[in-house]
Structures are given as C-alpha cells and as structure tokens.
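>>> Any chance you can model this:
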Amino acid sequence: MAPILDLSVFESAVVAPSPPAPETACSLPLNFFDVFWLNSPPVERVFFYRLTPGTGDDITSILSNLKSSLSQALGAFYPLAGRLRLTPGTDDRYELHYQPADGVTFTVAEYDADVDELAEDEPREVAKILPLVPPLPVGVGPVLTVQATVLRGGRGLAIGLALHHAACDGSSSTPGPPRPVLAHARRRPLSWTGLSSTTQAAAAPYTSC
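Take a look at the predicted model:
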C-alpha cells in the first residue's frame, strides 16, 4: 500500500449566511424519520475539478468565489448553518436551531496528490481520499462542514462536504459546487452550483422556521 499523504491546512473560517437569512433565532423540529438518522455517520461527498494553471483558473479567485457563493446559498438554506440540538424542555425531541451568529466551517488545505489519480474511474485507495472530507461530529452539533483542497501543482481542486444525516439525505445531500466556479457548468444540482457562476439570488425553500 502506498504511503498516506499529508494534508496541510492553511485556513479555517466560518462562512455566515447572507440575507435573506432571518435576523432572529429559529428552529425546525426533526420528525420521526429524521431522528432515525440522529447518530448515524455524516453523509460525505467529494467533488474533483481539473484546473489548468496559467489559463485563468486562479486559485485565489476560485476560493473567494466559493466562499461568497456559499454564503449566498446559506442565506436561503440557513438551517444548514445552524446546529442540531435537543429541543429545550424535552428529553427526546431534537431540532435544527439557527441563530444569526451561526455559520459553516470552511477549511482551505493543500494535498500532495495528483488530481488525475484521485479522479480516475479505476479503484482507488479510500485512505487517500478520506483527508479531503472535513470532520463532522455524530449526534448533536454542526450540520455542515466544507473543505476546499488544492491538489498537486495547482492542477486540481477537491471540494469535500460532510452533512449531518438527519438534515440531508440522498440527492438533497449533493450540493456540489460546479465547474462554473472554474469555467463552465456541466451540472447544476442545487443553489450553490448556480450562485458560484451568477449573481442571481438563490431560490428560497419553504420552511416553517
């Protein structure tokens, strides 16, 4: 087995939601089906993007764009910036609680691995990919964490997401930022995708919060 590569973390910041996130605290209760996943491992996703240094794929601009577009997307999906907690005054009910000071941890790192090796269709060592996914505690706590990792020689970028399983599941847990952050879109699954390449506001979902 090849040696496991080191991950170097350069920055860890909290990205807060932009308007129209509410200016007061609010909560969304988990239902019976949500609570089933309370202590399950998080849903983890990694998206790989190939970059071409010297052709406009500027890492600094890309990372700045990712942060600002994530903030805009969280403005519409603000419960993902909150925390999962035990509902006050109860001992068996849980809720997604958001307050204006909340945000999502956004980590920037560098990893000495080639994007072509990590993104190929052939079997790969899971141990080489795991460092690209940010940690997220099981149970109560944060709902979402994001990590942007620059790959060897600036030739690739990996976006890792960890989502609490009680908050998102299936296709709704795949809000990957698209190629338009870097050049042109191939897929637009959720709001973060569109916002990374346009100034259009995210379509706000219905919540009773």
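
>>> Would you mind measuring the gap between the ends of stretch 83-96?
One end of stretch 83-96 sits 6 Å from the other (CA to CA, to the nearest Å).

>>> ok, and for that stretch, which residues are buried?
For stretch 83-96, burial by neighbour count (16 or more other CB atoms under 10 Å) applies to 83, 84, 94, 95, 96. C-beta here means a position set from N, CA and C on the backbone, and glycine is covered the same way.

>>> Just put those residues in a markdown table and tack on secondary structure and distance to residue 10.
Formatted as a markdown table, the buried residues of stretch 83-96 follow (DSSP: H, G, I helix; E, B strand; the rest coil; distance: CB to CB, whole Å):
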| residue | secondary structure | distance to residue 10 |
| --- | --- | --- |
| 83 | strand | 26 |
| 84 | strand | 28 |
| 94 | strand | 35 |
| 95 | strand | 35 |
| 96 | strand | 30 |
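
>>> which one of those is nearest residue 27?
residue 95 (4.4 Å; CB to CB).

>>> for residue 105, which residues make a bridge with it?
residue 14, residue 145 (DSSP bridges).

>>> Mind putting the buried residues of stretch 83-96 into CSV with distance to residue 51 and pLDDT?
Output for the buried residues of stretch 83-96, formatted as CSV (distance: CB to CB, whole Å; pLDDT from 0 to 100):
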residue, distance to residue 51, pLDDT
83, 34, 96
84, 35, 96
94, 41, 96
95, 40, 95
96, 35, 95
